[in-house]
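Asker: Provide a 3D model corresponding to the input given below.
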Amino acid sequence: IRHANAQGRAERKRLMGERIKQLWQRAFPSQSEEDSIFQEITNSFKLSLKTRIYCFGVLFGISLLCTLLSTLFLATIVLHPATFAILYSVGNMSALASTCFLVGPLRQIKLMVKKVRLIATLIYLGSMIATLFCALYLGSYLLTLACIIMQFLALLWYCLSYIPFGRSVVSSLVGGVVNSIV
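Answerer: Numbers count the residues shown, from 1 in each chain. So this is what the prediction gives:
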């Protein structure tokens, strides 16, 4: 009888705990339905740490290769802006994609659209699109070069947002250099 009574108490405690958990989740939902769908998709593509590191390394290697190859075509940007723009932009896109393997795609997107780096993200992605548009559609090497410079600076500003006080230090340095020149 004591054993059955103890089991009944344990079952009541478990049911009470589940009920409290349900009430808590209703009162304070931690995730929206969209987040849970994305989480479900992300969970279905779970990779081991070793696989994620390999994938990161391969994509980052492709990124470095494309970026280095693009510098070979920098001298010919006047004649063939598309070759340089494609290699440089693909290098940047694969570098960005490589980090998805380290932190996961959903977390990467959430980090990119945080208030502190949203503007840098939009300028970075927009300048990549503009670079390809200017090179492939317009064929203008001057506009392509301007977009490449904007892409590089936006990437730099984006990366600095991950370093504590990175942006403020660089802003102070640039401000000091400009003030000393002027």
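Asker: Can you name the next helix or strand after the helix or strand bottoming out on mean pLDDT in the chain?
Answerer: Within the chain, no helix or strand scores below helix 33-44, which has a mean of 55 by mean pLDDT, DSSP states H and E. Remark: after helix 33-44, the chain's next helix or strand is helix 49-72, criterion DSSP states H and E.
Asker: immediately after that following helix, which helix or strand?
Answerer: helix 81-103.
Asker: Beyond that following helix, next helix or strand please.
Answerer: Using DSSP H and E, the next helix or strand after helix 81-103 towards the C-terminus is helix 105-112.
Asker: can you pull the buried residues of that next one?
Answerer: 108, 111-112 (16 or more other CB atoms under 10 Å). The way it works is simple: take the backbone N, C-alpha and C, and place the C-beta from them, glycine included.
Asker: Format those residues as JSON lines; extra columns: pLDDT and distance to residue 119.
Answerer: Formatted as JSON lines, the buried residues of helix 105-112 follow (pLDDT from 0 to 100; distance: CB to CB, whole Å):
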{"residue": "108", "pLDDT": "84", "distance to residue 119": "17"}
{"residue": "111", "pLDDT": "85", "distance to residue 119": "14"}
{"residue": "112", "pLDDT": "87", "distance to residue 119": "11"}
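Asker: which of the residues you listed lies closest to residue 164?
Answerer: Comparing these against residue 164 with CB to CB places residue 111 closest, at 14.9 Å.
Asker: Check the gap between the closest one and residue 117 for me.
Answerer: To residue 117, residue 111 is 7 Å away according to CB to CB, to the nearest Å.
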